[in-house]
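K.L.:
any chance you could fold what I've pasted below:
(one chain, ligands or ions: 1)
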Amino acid sequence: MKPRILVSRAVFPEVISRLAGHFEVDDNQADVILGVEGLKVRLADKVGALTAATDPLTAAVIAAAPKLKAVCNFAVGYNNIDLAACSGAGVMATNTPGVLDDTTADLAWALLMATARRLPAAERWLRNGEWKGWEFVQWLGTDVHHATLGILGMGRIGQTVARRALGFDMKVIYHKRTPLAAETEAACRATWVDKATLLRESDFLVLLLPYTPENHHLIGAAELALMKPTAHLINVARGGIVDDEALISALRQRRLCGAGLDVYEGEPKFNPGFLELDNVALTPHIGSSSRATRMAMAMTAADNLIAALSGQRPPNLLNPDVLA
Ligand code: DGY
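P.N.:
Here you go, the predicted structure:
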């Protein structure tokens, strides 16, 4: 009999077919959100799972799955997985780094351009039939070219965003705990600065760092107060890194010019204050959402699961201590 696995969310049929060649697949093509209790039930008899960033793989869920050997997120982020609980229970955990860098960087730029040039509000205005004719001072935006791009969290996606800035003749500054190697900095044409300088000097500040308890509300009222009133904040990383209430207040009072947001605190909850603002561009956590990239993410997760359950080290193992 083939090993039994769960695919926790709806995915492309090609992914299910591929997995079905190796496993007996319990899929969730109806895309019902399983949550803690649903996952406990569905994982009770499974040796592996393909999971999404929306699945809370808590210590209680892992404990309720005595046969589990591997959980393979089809996401680069893995703040939904309790890695210590996985290691303690002998469960390998994996993610999908690399395959979504370009697509997520593209969305960061789309949001940056959208907030800079006020596209969502201008489009709503046009759709509402309010455009009566061209005016000299109509929908004035912020120039992106020759501005200063700041990046907080300069991993693969941050570097991909930075490289795209060359075409806009931008100055690129970044902050991360350990500065990049000189040749990587040169390839990105980026300069390391401390966090306060990054906040003070960025015209566009893009957040690209993982959510961890230490990063909770890393951008709050104090940090927003350091930013220029002409600046824009872009978050395509994770909700919770920004204090949404503080951001709404800064945007409402025009202490910050604009924001482009793909992620929110407590998703899928959403602070309704954002909807009252005309200086935000909002998308529903679609950073990696192109068909090709979502396919690559799911297939990478499938590769990880197949490797893990056939006695090999999965390529994107997050908790190598589990093998010790
Ligand atoms: C990721 O890969 O982490 C994206 O946010 C999708 O969940």
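
K.L.:
residue of the stretch 201-324 of the chain nearest the ligand, please.
P.N.:
Residue nearest to the ligand within the stretch 201-324 of the chain (C-beta to the nearest ligand atom): Ser288, separated by 5.0 Å. Heads up, the C-betas are built off the backbone N, CA and C, glycines and all.

K.L.:
so for that residue, what pLDDT did the model give?
P.N.:
The per-residue pLDDT reported for Ser288 equals 98.

K.L.:
number of nearby residues for the spatially closest residue to it that is not a sequence neighbour?
P.N.:
Closest residue in space to Ser288, ignoring its immediate chain neighbours: Leu100 at 3.9 Å, by C-beta to C-beta, 6 or more residues apart in numbering. Number of residues near Leu100 (other C-beta atoms under 10 Å) recorded here: 25.

K.L.:
contacts only, for Leu100.
P.N.:
Counting by C-beta atoms under 8 Å, 6 or more residues apart in numbering, Leu100 makes contact with 76, 157, 287-288, 293, 296-297.

K.L.:
what parts of the protein come near the ligand?
P.N.:
Contact residues, the chain versus the ligand (C-beta under 6 Å from any ligand atom): 53, 75-77, 100, 287-288.

K.L.:
out of these, who's nearest His145?
P.N.:
In terms of C-beta to C-beta, no member of those lies closer to His145 than Gly287, at 23.8 Å.

K.L.:
give me the phi and psi for the residue nearest to Ser288.
P.N.:
Per-residue torsions, Leu100: phi -110, psi 10 (degrees, to the nearest 10).

K.L.:
residue ranges for the strands of the stretch 151-300 of the chain, please.
P.N.:
Assigned strands in the stretch 151-300 of the chain, in chain order: 171-175, 190-192, 204-207, 232-235, 258-261, 280-282 (criterion: DSSP state E, counting those that start in this stretch).

K.L.:
for those, give me a markdown table that also has mean pLDDT and distance to Ala246.
P.N.:
Listed next are these as a markdown table, based on pLDDT from 0 to 100; distance: least, C-beta to C-beta, whole Å:
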| stretch | mean pLDDT | distance to Ala246 |
| --- | --- | --- |
| strand 171-175 | 98 | 19 |
| strand 190-192 | 98 | 26 |
| strand 204-207 | 98 | 14 |
| strand 232-235 | 98 | 11 |
| strand 258-261 | 98 | 12 |
| strand 280-282 | 98 | 14 |
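
K.L.:
can you lay out the ones you listed as TSV showing mean neighbour count?
P.N.:
Output for those, formatted as TSV (neighbours: other C-beta atoms under 10 Å):
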stretch	mean neighbour count
strand 171-175	22
strand 190-192	17
strand 204-207	27
strand 232-235	28
strand 258-261	26
strand 280-282	21
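
K.L.:
out of the ones you listed, which is closest to Phe274?
P.N.:
Across the strands of the stretch 151-300 of the chain, Phe274 has its closest neighbour in strand 280-282 (5.6 Å, C-beta to C-beta).

K.L.:
any idea of the pLDDT on the residue nearest to Ser288?
P.N.:
Reported pLDDT at Leu100 in the predicted model: 98.

K.L.:
how about Pro268?
P.N.:
Looking at Pro268, its pLDDT is 86.

K.L.:
ok, it - contacts?
P.N.:
Applying C-beta under 8 Å, 6+ apart, no residues contact Pro268.

K.L.:
which pair in the residues of the chain next to the ligand spans the largest distance?
P.N.:
Pairwise distances across those (C-beta to C-beta) peak at 11.5 Å, for the pair Ala53 and Leu100.

K.L.:
just the C-alphas of stretch 316-324, formatted as CSV.
P.N.:
C-alpha atoms of stretch 316-324 as CSV (Å, rounded to 0.1, in the frame of the first residue of the first chain):
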residue,chain,number,x,y,z
ASN,A,316,14.8,22.5,1.4
LEU,A,317,15.0,21.0,4.9
LEU,A,318,14.3,23.7,7.5
ASN,A,319,15.1,21.6,10.6
PRO,A,320,18.3,19.6,9.9
ASP,A,321,18.5,18.8,13.6
VAL,A,322,15.7,16.3,13.0
LEU,A,323,18.2,14.1,11.2
ALA,A,324,20.6,14.0,14.2
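
K.L.:
quick one: contacts for Phe12?
P.N.:
Residues in contact with Phe12 (C-beta under 8 Å, 6+ apart) are 294-295, 298.

K.L.:
tell me which of these fall in helices.
P.N.:
Among the contacts of Phe12, DSSP state H puts 294-295, 298 in helices.

K.L.:
might one say that the residue of the stretch 201-324 of the chain closest to the ligand is in contact with Thr104?
P.N.:
Yes - with contact defined as C-beta atoms under 8 Å, Ser288 reaches Thr104; the gap is 5.4 Å.

K.L.:
now do the contacts for the residue nearest the centre of the chain.
P.N.:
The centroid of the chain falls nearest to Ala237 when counting by C-alpha atoms, centre = their mean (3.7 Å). Ala237 makes contacts with 153, 207-211, 263, as judged by C-beta under 8 Å, 6+ apart.

K.L.:
now it. Its backbone dihedrals?
P.N.:
Dihedral angles of Ala237 (phi, psi; degrees, to the nearest 10) stand at phi -90, psi -80.
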